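Visitor: pasting the sequence and the predicted coordinates here, then a few questions.
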Amino acid sequence: MPPSSPPSARLLKLGILASAVLMLAALGLFALSLNGRDHGDGDVRLVVTAQGCEPRELSVPAGETRFSIVNDSQRAIEWEILDGVMVLEERENIAPGLHQPLTATLAEGDYAMTCGLLSNPHGTLHVTANDDAPAVALSRQDFIAPLAEYKVYLTLQTRRLIEATETLHQAITAGELDTARMAYREARLIDQRLAMATGLYSDLDERLNARADYFAEREQDPEFVGFHRLAQGLFETGSTDGLIPIATQLLEDTRTLGERLRHQAIPPSQLANGSARVLKAWHAHAIDSKTLNAHELLDLQGLTAGAEKIVTLLAPLLERQAPDALEGLQAQLARLQQDLPEKSNIAPGAKRSSAVDRDALLTDTHALADTLDKLDRTLALNG
Amino acid sequence: MSPRALFFAASVFGLMALQTPAQADVDPEALVEPIAEYKLYVLDNLDQFVSHTEKFTQAIEAGDLERAQALYAPTRVYYERIEPIAELFADLDASIDAREDDYEHGVEDPDFTGFHRLEYGLFKEQTTQGFTPYAKQLMTDVNDLESRVQDLTFPPAQVVGGAAALMEEVAATKVSGEEDRYSHTDLWDFQGNVDGSQKIFELFKPLVAEEDPAFVDRVEKNFAAVEDTLAHYRHETNNPESGFVSYEKVSETDRRAFVGPVTVLAEDLATLRGKLGL
């Protein structure tokens, strides 16, 4: 077909039809947008003048609200909804004489509104209980923020672990027993905060954290390395002799841990579940000993700090989903923290552990682990 | 087909067209890593911000006017980069970075503190006399900001939205030169805002690159255009550390030349939240 030949009548017809459909579509869109504007009547209107908000106080039901902010002052303004000092929602750069929409989903409670000039008084936004608002189940999106924050925590803690292990390695190489003991405690405490995440890698977990009991020849087993092997040398034998290769291996393993965790995706269900698991492992070991020694207390200190981070991260979700469960969880955590002796009182080597209420710590740990274990069901997370 | 049905079909079609850009195929879990990386970026910048603020405020307390003037802009840069997060704390944002026109009594307002209060003293009044209390307050506020950000779980929507917010801010209230009206160091602030916006874009780019390469291309070109204009006004074109000429020396034409790419960037980046399903 020569390129200049006229299109067939059939094609033309099709073209006309197609363009008609497109035009109608555009019309439909226009109508919809008009419709949307009409719905603006349902907006909660707020005027910002040179003096402040009008009205000064607003009341809206919990759930989603569309605000329409009118700038009736002479300068560009921003309008913010504040929870305490935190900005929850904001609309910036509203030019004088114009109005801008802002859609916010708010929970019951009292909030403040900024009203133009910083020297203007804040307005008050009352958000009232709303039984009509459907209970919204948690979505996978709700876990993005806590999982990201947990990743930051792991990254920062791993950096510190590597630093502490470097100090430990240096002290052992230099044969400085006291410095090595101090560095050991620092490193071990961080290692235990990370216990849940380290548990994702069986090889590293074994090399870093396995006890002598797990090896065929126990303390004599050549595979027995890591923290417990170092503790045996530093605190029982009381010498740095022969520990250099163990410390070197430990340093290498903590670096590997850091690299792996950097790109590790942690499933949301692991947060509570994993914390429960490591607390239970501690409990299972501790219940066999008549008194808790300084090492066991140090470990529990680290594990509790790790669990606290998880509780903090899940708290906003639990608050929405199951406020009662959150209260119970926080109470159990607080009790465990209260019964734990101060860090300075549990220096391994120092025999101060008699003042510790062993039974209370066992009970507390078990209770917290139990609640954490049930949390995934509460959060409707399975698998 | 009845007109009514046709209208309905057209509306549905229109609705689909409306919805398409907001549809996201991005797995929510894929957002975890870039958000974590962003917090690490913010923490690194805060660390720098604290140490630069220490030197800046020490210069004021020591009465070293010239040094204080020289450190003003290089210190602010870190705040400008992390503004999407720093601004979440309304009280500190006001005491650290508010402008005189945020207050009824302007410069005379007793609540007016922070960088711009110091800017007024250092560059307009040309003195450090009597500014020690403002310097001390600034240091306290910056330390407070650092500890609050460390404890903050970053809200994903605000992080992603921050890329556009930074560029909107440049277009709406910075190109005019009103931000640093006494020091005329506005280009430093621009650079900080652009850096901060670009960082967010770079972190989330892999998640949208496949689906919308044209978008990525456009944003990258506009960032490059803004960078080129900025580089033109550096003391040394290829050395980001060398600093900028006074904003007074930026021609009216070049000021307007910023607005184009910056506005397009703000509009394009504003779609990032939708593309990522936030």
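Guide: Ah, there it is. Fair warning: this is a prediction, and the values are worked out from it, not measured in the lab.

Visitor: so where is the stretch 1-150 of chain B shaky, pLDDT-wise?
Guide: Across the stretch 1-150 of chain B, the ranges flagged by pLDDT under 70 are B:1-24.

Visitor: where does residue 158 fall, secondary structure wise?
Guide: Using chain A here. Following DSSP states H and E, the helix or strand that holds A:T158 is helix A:144-173.

Visitor: not quite, I wanted chain B
Guide: helix B:156-173.

Visitor: what residues does that helix touch?
Guide: A:76, A:92-93, A:141, A:144-145, A:148, B:31, B:35, B:38, B:83-85, B:88, B:179, B:190, B:193-194, B:196-198, B:200-201, B:204, B:258-259, B:262-263, B:265-267, B:269-270, B:272-273, B:276, B:278 (C-beta atoms under 8 Å, 6 or more residues apart in numbering or on different chains). The way it works is simple: take the backbone N, C-alpha and C, and place the C-beta from them, glycine included.

Visitor: ok so, going back, is chain B within reach of the helix holding A:T158?
Guide: Yes: legend: contact between helix A:144-173 and chain B by C-beta under 8 Å from any C-beta of the partner chain is shown at A:I144, A:A145, A:P146, A:L147, A:A148, A:E149, A:K151, A:V152, A:T155, A:L156.

Visitor: for that helix, name the packing helices and strands.
Guide: helix A:177-193, helix A:244-262, helix A:268-286, helix A:294-321, helix B:32-61, helix B:156-173 (3 or more C-beta pairs under 8 Å, 6 or more residues apart in numbering or on different chains; DSSP states H and E).

Visitor: among these, which is the most enclosed?
Guide: Of all the helices and strands packed on helix A:144-173, helix B:156-173 has the most neighbours on average by mean count of other C-beta atoms under 10 Å in any protein chain shown, namely a mean of 23.

Visitor: low-scoring pLDDT stretches of chain A, where are they?
Guide: A:1-41, A:133-136, A:343-354, A:382-383.

Visitor: before we move on, which element is A:T240 in?
Guide: Applying DSSP H and E, one finds A:T240 in no helix or strand.

Visitor: I'd say it and A:D178 touch.
Guide: No: assessed by C-beta atoms under 8 Å, A:T240 is found out of contact with A:D178, at 10.2 Å.

Visitor: contacts only, for A:G226.
Guide: A:E206, A:R207, A:L208, A:N209, A:A210, A:I246, A:Q249, A:L250, A:D253.

Visitor: against chain B, how distant is it?
Guide: 27 Å (C-beta to the nearest C-beta, to the nearest Å).

Visitor: before we move on, what about A:A380?
Guide: On the measure of C-beta to the nearest C-beta, A:A380 and chain B end up 15 Å apart.

Visitor: quick one on the thing from earlier: tabulate the residues of helix A:144-173 next to chain B (TSV), appending distance to B:E210 and neighbour count.
Guide: TSV is the format used below for the residues of helix A:144-173 next to chain B (distance: C-beta to C-beta, whole Å; neighbours: other C-beta atoms under 10 Å in any protein chain shown):
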residue	distance to B:E210	neighbour count
A:I144	20	26
A:A145	25	22
A:P146	27	22
A:L147	23	26
A:A148	22	24
A:E149	27	21
A:K151	23	24
A:V152	27	21
A:T155	27	17
A:L156	31	14
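
Visitor: ok, of the residues you listed, which one's closest to B:E211?
Guide: A:I144 (18.8 Å; C-beta to C-beta).

Visitor: shouldn't the closest one be in contact with B:E29?
Guide: Yes: checked against C-beta under 8 Å, the pair A:I144 and B:E29 is within contact range at 7.4 Å.

Visitor: still on that earlier bit, closest to A:N130 out of the helices and strands packed on helix A:144-173?
Guide: Judged by C-beta to C-beta, the one of these that comes nearest to A:N130 is helix A:294-321, at 13.7 Å.

Visitor: following element in sequence after the closest one, please.
Guide: helix A:323-339.

Visitor: for that following helix, packing partners?
Guide: helix A:294-321, helix A:358-378.

Visitor: mind putting the ones you listed in CSV, distance to chain B included?
Guide: Formatted as CSV, those follow (distance: least, C-beta to the nearest C-beta, whole Å):
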stretch, distance to chain B
helix A:294-321, 7
helix A:358-378, 16
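
Visitor: in a markdown table, list those along with distance to B:D186.
Guide: Formatted as a markdown table, the helices and strands packed on helix A:323-339 follow (distance: least, C-beta to C-beta, whole Å):
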| stretch | distance to B:D186 |
| --- | --- |
| helix A:294-321 | 38 |
| helix A:358-378 | 50 |
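
Visitor: skip the chain neighbours and tell me the closest residue to B:L166.
Guide: Setting aside the residues directly before and after it, B:L166 is nearest to B:S197 in space (C-beta to C-beta, 6 or more residues apart in numbering or on different chains), at 4.1 Å.

Visitor: three-state assignment of that neighbour?
Guide: helix (DSSP: H, G, I helix; E, B strand; the rest coil).

Visitor: that one against B:L269, yeah?
Guide: Yes: with contacts counted by C-beta under 8 Å, B:S197 reaches B:L269, the gap being 6.8 Å.

Visitor: circling back: buried among the contacts of helix B:156-173? Make that a PyMOL selection.
Guide: Restricted to buried positions by 16 or more other C-beta atoms under 10 Å in any protein chain shown, the PyMOL selection for these reads:
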select buried, (chain A and resi 76+92+93+144+145+148) or (chain B and resi 31+35+38+83+84+85+88+179+190+193+194+196+197+198+200+201+204+258+262+263+265+266+269+272+273+276+278)
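
Visitor: mind listing which of the contacts of helix B:156-173 are in strands?
Guide: Judged by DSSP state E, the subset of the contacts of helix B:156-173 located in strands is A:E92, A:N93.
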